[in-house]
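Student: requesting a structural model of the entry that follows:
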Amino acid sequence: MMERSDMRRIVEKITSLPTLPGIITRLTHMLENPNTTAAEVGKEIAKDQVLSAKVLKLVNSGFYGFSQPIMTVPHAMVLLGFNVVKTLVFTTSVLDMMSQSIAGLWEHSLACARTCGIIANRLDMPDPEEISVTGLLHDLGKVVLQQNLKDEFEEIVSLVRKKDMLFYEAENQVMGVTHANIGGWLLDKWQLPGQIVEPIAYHHTFHPVRPHADRTAVVHLADILVRAEGFGFGGDRKVPVVSPEALGLLQLSVEDIREIMDAMNDQLSDVMRM
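Tutor: All right, here's what the predicted structure looks like:
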């Protein structure tokens, strides 16, 4: 089995996106100026027409449920905030590949994003848009794995089928790391904020004392509820056990969970079940 540090180096090398560094540098300089507005940052992103079109496609893909389409990147900046738009800029190329990687993974991720929003809004948490985008990206590492580590991916899929086990357990058995680790490494390399990276890296291994544990608990719970309801497909047909510590941190009762699931079924009626 490959060493964890070697795996991380491979992931960081294969997931570099050549179109991003110039944009990152310009955005970083702009944000160092406290007088820079969201509209100005949006206009900078919009200069790359292909990239901005992809970002707008994601924003309007249904995981926020806006009644009217968002037509410009500056408009998205105002409604969603810089961290959300920046995250979509960084991850758009990987998200492009999601529907081709594992059948049903996009639907699973979309449902997880919306469910994160349902939970975050129910708990009146700040920045629910950021929590939703974290739910959308929680399985990003599976796309990286399928696209760039094909032998390992095929071995994992085979193990899942033969032993009817959870995907992340098969990943640990084959590689010693999981898609959550891979997604976290990638986003950390891109210098995305901890409140987005941490919930992705630890959504299967919840730790109440880690930073941003409340957001991690939301993604952890949303992922499991989406699996339980069969929205999309996350790579296996099992439902993980919910962490009691995550429920305790969020202070959710059984009745709360029942009401969240009712809201899911109302709001996710357009998402494919598998």
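
Student: where along the stretch 1-150 of the chain do the helices fall?
Tutor: 4-14, 20-32, 38-46, 49-59, 73-80, 82-96, 98-101, 105-122, 128-137, 140-148, 150-163 (DSSP state H, counting those that start in this stretch).

Student: figure out which of these is closest to Glu198.
Tutor: helix 128-137 (8.9 Å; C-beta to C-beta). For the C-beta atoms, the positions are set from N, CA and C on the backbone; glycine is no exception.

Student: quick check: Gln49 vs Leu56, distance?
Tutor: Gln49 is 11 Å from Leu56, where distance means C-beta to C-beta, to the nearest Å.

Student: same thing with Pro74?
Tutor: Following C-beta to C-beta, the distance that separates Pro74 from Leu56 is 11 Å.

Student: go on, Glu152?
Tutor: Taken as C-beta to C-beta, the span from Glu152 to Leu56 is 34 Å.

Student: likewise for Ile23?
Tutor: Using C-beta to C-beta, Ile23 is found at 16 Å from Leu56.

Student: repeat for Leu88
Tutor: According to C-beta to C-beta, Leu88 and Leu56 sit 9 Å apart.

Student: counting neighbours, go ahead and name the busier of these two.
Tutor: Leu88 (24 against 20; other C-beta atoms under 10 Å).

Student: show me the residue at the heart of the protein, geometrically.
Tutor: Note on the chain: the residue nearest the mean C-alpha position is Leu137, at 1.4 Å, using C-alpha atoms, centre = their mean.

Student: contacts only, for it.
Tutor: Thr87, Thr91, Leu95, Ser109, Gly183, Leu187, Ile196, Ile200 (C-beta atoms under 8 Å, 6 or more residues apart in numbering).

Student: what's the answer for Gln267, then?
Tutor: Gly65, Arg114, Ile118.

Student: at 6 Å instead, please
Tutor: Arg114 (C-beta atoms under 6 Å, 6 or more residues apart in numbering).

Student: tell me the phi and psi of it?
Tutor: phi -90, psi -10 (degrees, to the nearest 10).

Student: use 130 as the first number from now on
Tutor: All set: I'll call the first residue 130, so the last point we hit is now Gln396.

Student: ok, it to Ile389 distance?
Tutor: Gln396 sits 10 Å away from Ile389, going by C-beta to C-beta.

Student: repeat for Gly361
Tutor: Between Gly361 and Ile389 the distance is 18 Å, computed by C-beta to C-beta.

Student: backbone dihedrals for Pro340, please?
Tutor: phi -60, psi 150.

Student: now it: how far from Ile152?
Tutor: 27 Å.

Student: equivalent analysis for Lys318, please.
Tutor: 15 Å.

Student: which parts of stretch 284-300 are buried?
Tutor: Going by neighbour count (16 or more other C-beta atoms under 10 Å), the buried part of stretch 284-300 is Glu284, Ile285, Val286, Leu288, Val289, Met294, Leu295, Phe296, Tyr297, Glu298, Ala299, Glu300.

Student: spatially nearest residue to the last one (excluding sequence neighbours)?
Tutor: Excluding its sequence neighbours, the residue lying closest to Glu300 (C-beta to C-beta, 6 or more residues apart in numbering) is Thr307, at 4.4 Å.

Student: no further questions, thank you.
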